[in-house]
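pasted the sequence and its predicted model underneath.
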Amino acid sequence: MEKTFKEAYLAGEIPFEEIDEYSYQWGLHDEDPRTLCQFLGLNAEEEDAWVSEGEEALIALLEKARES
């Protein structure tokens with residue numbers, strides 16, 4: 001996975017559901033010092049929305065970024 005989840009999703013290369021595969025891949029690499037959200041390419045606002053409000057909130061933020 002050369003691109004982060006966010007990069008690939010915003011480029012329209014993958015569906016949102018691929019976040020699960022990216023999360024799984026992150027879990028396989030104990031030597032990676034990045035947090036899950038860093039690995040996914042999410043910023044603090046996106047991370048907060050995902051954790052506190054759920055996937056729909058994250059999708060809404062990503063779609064807003066895609067339109068920009």
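Looks like it came in fine.

not counting residues beside it along the chain, what's closest to the spatially most central residue of the chain?
Centroid check for the chain by Cα atoms, centre = their mean gives residue 40 as the closest residue, at 3.9 Å. Leaving aside its chain neighbours, residue 40 sits nearest to residue 5 (4.3 Å; criterion: Cβ to Cβ, 6 or more residues apart in numbering). All C-beta spots, glycine's among them, are computed from the backbone N, C-alpha and C.

rewinding a little: can I assume the residue nearest to the centre of the chain is in contact with residue 7?
No. Contact criterion Cβ atoms under 8 Å: residue 40 and residue 7 do not qualify, at 9.6 Å.

on that earlier part again, relative to residue 54, how far out is the residue nearest to residue 40?
Separation of residue 5 from residue 54 (Cβ to Cβ, to the nearest Å): 16 Å.

what is the neighbour count of the residue nearest to residue 40?
Residue 5 has 25 neighbours, counted by other Cβ atoms under 10 Å.

list the residues that contact it.
Listed by Cβ atoms under 8 Å, 6 or more residues apart in numbering, the contact partners of residue 5 are 14, 18, 19, 22, 39, 40, 41, 42.

ok, now how distant is the closest residue to the last one other than its chain neighbours from residue 22?
Same thing as residue 42. Nearest non-adjacent residue to residue 42, counting by Cβ to Cβ, 6+ apart: residue 6, 6.0 Å away. Counting by Cβ to Cβ, the separation of residue 6 from residue 22 is 9 Å.

common neighbours of the two, please.
Common contacts of residue 6 and residue 22, defined by Cβ under 8 Å, 6+ apart, comprise residue 40.

how many neighbouring residues does the closest residue to residue 59 other than its chain neighbours have?
Excluding the flanking residues, the one nearest residue 59 by Cβ to Cβ, 6+ apart is residue 16, at 5.7 Å. Applying other Cβ under 10 Å, we find 14 residues neighbouring residue 16.

surely residue 16 meets residue 8?
No. Look at residue 16 against residue 8 with Cβ under 8 Å: they stay out of range, at 10.6 Å.
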